[in-house]
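Q: Mind folding the following:
(2 chains)
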Amino acid sequence: GQQVMQIPQYQHVQEGEDFTTYCNSSTTLSNIQWYKQRPGGHPVFLIQLVKSGEVKKQKRLTFQFGEAKKNSSLHITATQTTDVGTYFCAGFNAGGTSYGKLTFGQGTILTVHP
Amino acid sequence: DGGITQSPKYLFRKEGQNVTLSCEQNLNHDAMYWYRQDPGQGLRLIYYSQIVNDFQKGDIAEGYSVSREKKESFPLTVTSAQKNPTAFYLCASSYRTYGYTFGSGTRLTVV
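A: Take a look at the predicted model:
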């Protein structure tokens, strides 16, 4: 079955440093989504990427979708303590129908030291 | 205010007991999902439903059951056959392949 691998599992940074998490799928994806889960909270949808090579920005966050639609990355510039949490990527299989189920990566736990 | 409501927030289960977790949404989403999250781990799919009166097993369905009698509701029963039920349970809904909306979760503990 489809697998989505995410690295690193943990990342500790000093406030102000940059952070990147990477996501790789075993199959071609129709789209990829990113979620953030604050400690003790629930995942919150951040963004969806659909097109090959797509790049989207949300303030200090930059999201990329690979040309082959099998990998993605999330980059945070100049981290802040409010960025703390677990970042998940999740992909829909390209062979699916209009509905389907996401396959989540294991997540990257980000700790930001003030 | 649209969203997903999960209840209860905390639940304690005795050995051999069945418990039911509630999930209600008012987003008019067709698809609903149940995930299990263990400490420091990702999300594992238990069951999902794309339409009323139909649902499919996810990756870890053993020991769980669901029903989808109404579009708004997708309750999950954790049966006594689930040998390690202590976890954080998350319900979600979506419109087609768009982003999921998650509920605030239920923390289940076996006592």
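Q: Would you mind measuring from the closest residue to chain A within chain B to residue B:17?
A: Closest approach between chain B and chain A, counting by Cβ to the nearest Cβ: residue B:99, at 3.5 Å. C-beta coordinates here come from the backbone N, C-alpha and C atoms, glycine included. Separation of residue B:99 from residue B:17 (Cβ to Cβ, to the nearest Å): 35 Å.
Q: what residue ranges in chain B score low on pLDDT?
A: Regions of chain B meeting the criterion pLDDT under 70 cover residues B:1-2.
Q: again, only using 90
A: B:1-2, B:13-16, B:39-42, B:80-83, B:95-98, B:110-111 (pLDDT under 90).
Q: Quickly find the element holding the residue nearest the centre of it.
A: Per Cα atoms, centre = their mean, the C-alpha nearest to the average position across chain B is that of residue B:34, at 3.3 Å. Element membership of residue B:34, judged by DSSP states H and E, is strand B:31-37.
Q: What is that strand packed up against?
A: With contacts defined as 3 or more Cβ pairs under 8 Å, 6 or more residues apart in numbering or on different chains; DSSP states H and E, the packing partners of strand B:31-37 are strand B:19-25, strand B:43-51, strand B:87-94.
Q: Pull out the buried positions in the shortest one.
A: I take that to be strand B:19-25. B:19, B:21, B:23-25 (16 or more other Cβ atoms under 10 Å in any protein chain shown).
Q: Just send the residues you listed back as CSV, with distance to chain A too.
A: Formatted as CSV, the buried residues of strand B:19-25 follow (distance: Cβ to the nearest Cβ, whole Å):
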residue, distance to chain A
B:19, 20
B:21, 14
B:23, 12
B:24, 15
B:25, 14
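Q: Alright, calling it a day.
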